[in-house]
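Peer 1: My questions concern the predicted model and sequence given below.
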Amino acid sequence: QVTLVESGGGLVQAGGSLRLSCVASGRTFSRASWFRQAPGKEREFVAAISWRTGSTYYQDSVKGRFTISRDNSKNTVYLQMNSLKPEDTAAYYCAADTTVARISLSPNEYTYWGQGTQVTVSS
């Protein structure tokens, strides 16, 4: 069994930065992604990383502002968020798998999920 624990959310003014962390216990990641969900909206893909290659993928609206990274030794994935905008306000979720390596942008294809961490950006 894999448990994902997220941290790092909070309240920040527009233009500010936050760094989210997601630590996995139990097994090593094969792939990891961040999704977000705003009230009344569907969960949407934000960023993904291949654990083996380190290749990254981003939603267009966060390219150049967000950076996903990993620390293999700590089995942790990070999401550095800079130049935050009010429209980035959402609950952010870490999603991962331990056997499937191919990156997917669909939340339906991930096995393990964190509990979510709230990010609120004030204007």
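Peer 2: Nice, I can see it. Everything numeric here is computed off the predicted structure, so don't read it as measured data. Numbers count the residues shown, from 1 in each chain.
Peer 1: buried set for the helix or strand encompassing A48?
Peer 2: Following DSSP states H and E, one finds A48 within strand 44-50. Using 16 or more other C-beta atoms under 10 Å as the test for burial, strand 44-50 gives 45-50. For every residue, glycine as well, the C-beta is placed using N, CA and C.
Peer 1: Closest one of the residues you listed to L84?
Peer 2: Distance to L84 across the buried residues of strand 44-50 (C-beta to C-beta) is lowest for V46, with 12.5 Å.
Peer 1: what about the residue lying closest to that closest one once chain neighbours are set aside, which helix or strand?
Peer 2: Sequence neighbours aside, W34 is the residue nearest to V46 in space, at 4.3 Å (criterion: C-beta to C-beta, 6 or more residues apart in numbering). For W34, the host element (DSSP H and E) is strand 31-37.
Peer 1: Which strands or helices does that strand pack on?
Peer 2: If you count contacts as 3 or more C-beta pairs under 8 Å, 6 or more residues apart in numbering; DSSP states H and E, strand 31-37 packs onto strand 18-25, strand 44-50, strand 66-71, strand 76-81, strand 90-97.
Peer 1: would you turn these into JSON lines with distance to G116?
Peer 2: JSON lines is the format used below for the helices and strands packed on strand 31-37 (distance: least, C-beta to C-beta, whole Å):
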{"stretch": "strand 18-25", "distance to G116": "10"}
{"stretch": "strand 44-50", "distance to G116": "13"}
{"stretch": "strand 66-71", "distance to G116": "17"}
{"stretch": "strand 76-81", "distance to G116": "13"}
{"stretch": "strand 90-97", "distance to G116": "4"}
